[in-house]
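Engineer: Kindly return the folded structure for what I paste below:
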Amino acid sequence: MKVFIAGATGVIGRPLTAQLIAANHEVVAMTRSDQRAVNLRDEGATPAVCDVFDRDQLRRCVEDARPDIVIHQLTALPKRIDPRKIKTQLAETNRLRIEGTKNLLDAALAAGAQRFIAQSIAFAYDAAGEGLKTEDNPLYKNPPKSFEEVIGAVRGLEETTLSNADLPGVVLRYGFFYGPGTVYASDASAAEDVRRKRFPVVGNGAGVFSFIHVEDAAEATVAALQHGDPGIYNIVDDEPAVVADWLPVYAESVGAR
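Structural biologist: Model prediction:
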């Protein structure tokens, strides 16, 4: 199949591109960087230098590619997220999830794509109620003010992805990424915070995290090319992890004392 990936050089985009190529799919990989385009070509993809916010340029790029599938993996997350600066730090990602998704979906429709797959998150569920959340649970209804725009952008991305009957949409709600390039890598911000004893733990650490390794997330995305009805899917590890259980193991793995 021919696959157009927006966000091919991101944390999940890199392993996803590699897995698609290894599975003999033809990959057109979008980037804004000429240098990254060279790297993508070296890896076996056909680069498309394009800005998702330039509607006309984007439409030409996707139409020229004539993909069977369009995958949206665009984010602009900082290496460290400061809860006090959420509004400014996530503004570009919020824009990508709202405006970028609309532009990319319109381009996919114009190009005659058969499926549209978009990255969402599995940690935007409403906090009310007991137990683990499923795809049937609602997103956060009354989030803290600092997260209102984030939740609104996630909701907008998902609604847009599933909005057009002529283009089957699949929303993949990934859990917290771990693995190379993520915040939980040994050289990244979470590991640094743990080593400096600055990693936040609420109460007795009873909070539950659903993680997903980036390679596993990529593998699930490859499966979504042809499998699964249009709709929303949680993409997470089999065993949700309680902070009090996983944090000591993680701390040891990154050399915290």
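
Engineer: any idea which element the residue nearest to the spatial centre of the chain lies in?
Structural biologist: With distances taken as CA atoms, centre = their mean, the residue of the chain nearest its centroid is Q119 (4.0 Å). Assigned by DSSP states H and E, Q119 falls within strand 115-121.

Engineer: what's next to the helix or strand that comes right after that strand, contact-wise?
Structural biologist: Sequence-wise, the next helix or strand downstream of strand 115-121 (DSSP H and E) is helix 148-161. The contact list for helix 148-161, computed with CB atoms under 8 Å, 6 or more residues apart in numbering, reads 72, 86-87, 90-91, 93-95, 97-98, 101-102, 105, 116, 118, 120-121, 124, 139-140, 143, 169-171, 232. Heads up, the C-betas are built off the backbone N, CA and C, glycines and all.

Engineer: try stretch 18-30
Structural biologist: By CB under 8 Å, 6+ apart, the list of residues contacting stretch 18-30 reads 1-9, 13, 17, 40, 43-50, 52, 61, 65, 67, 215, 218-219, 222, 225.

Engineer: Pull the contacting residues for R59.
Structural biologist: By CB under 8 Å, 6+ apart, the residues touching R59 are 106-107, 110-111.

Engineer: just curious, which of the residues you listed is nearest to D56?
Structural biologist: Each of those was checked against D56 using CB to CB; the closest is A107, at 9.7 Å.

Engineer: which phi and psi does the nearest residue to the closest one once chain neighbours are set aside have?
Structural biologist: When the adjacent residues along the chain are set aside, A107 lies closest to V62, with 3.9 Å between them (CB to CB, 6 or more residues apart in numbering). Note on V62: backbone dihedrals following degrees, to the nearest 10 are phi -70, psi -40.

Engineer: shouldn't V62 be in contact with D106?
Structural biologist: No: counting by CB atoms under 8 Å, V62 sits too far from D106 to count as a contact (9.1 Å).

Engineer: sorry, back to before: of the contacts of stretch 18-30, just the buried ones, PyMOL syntax please.
Structural biologist: Burial among the contacts of stretch 18-30 is assessed by 16 or more other CB atoms under 10 Å; the matching PyMOL selection reads:
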select buried, resi 3+4+5+6+7+8+9+13+17+40+43+45+47+48+50+52+61+65+67+218+219+222+225
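
Engineer: So which of the contacts of stretch 18-30 are in strands?
Structural biologist: Using DSSP state E, the subset of these located in strands is 2-6, 46-49.
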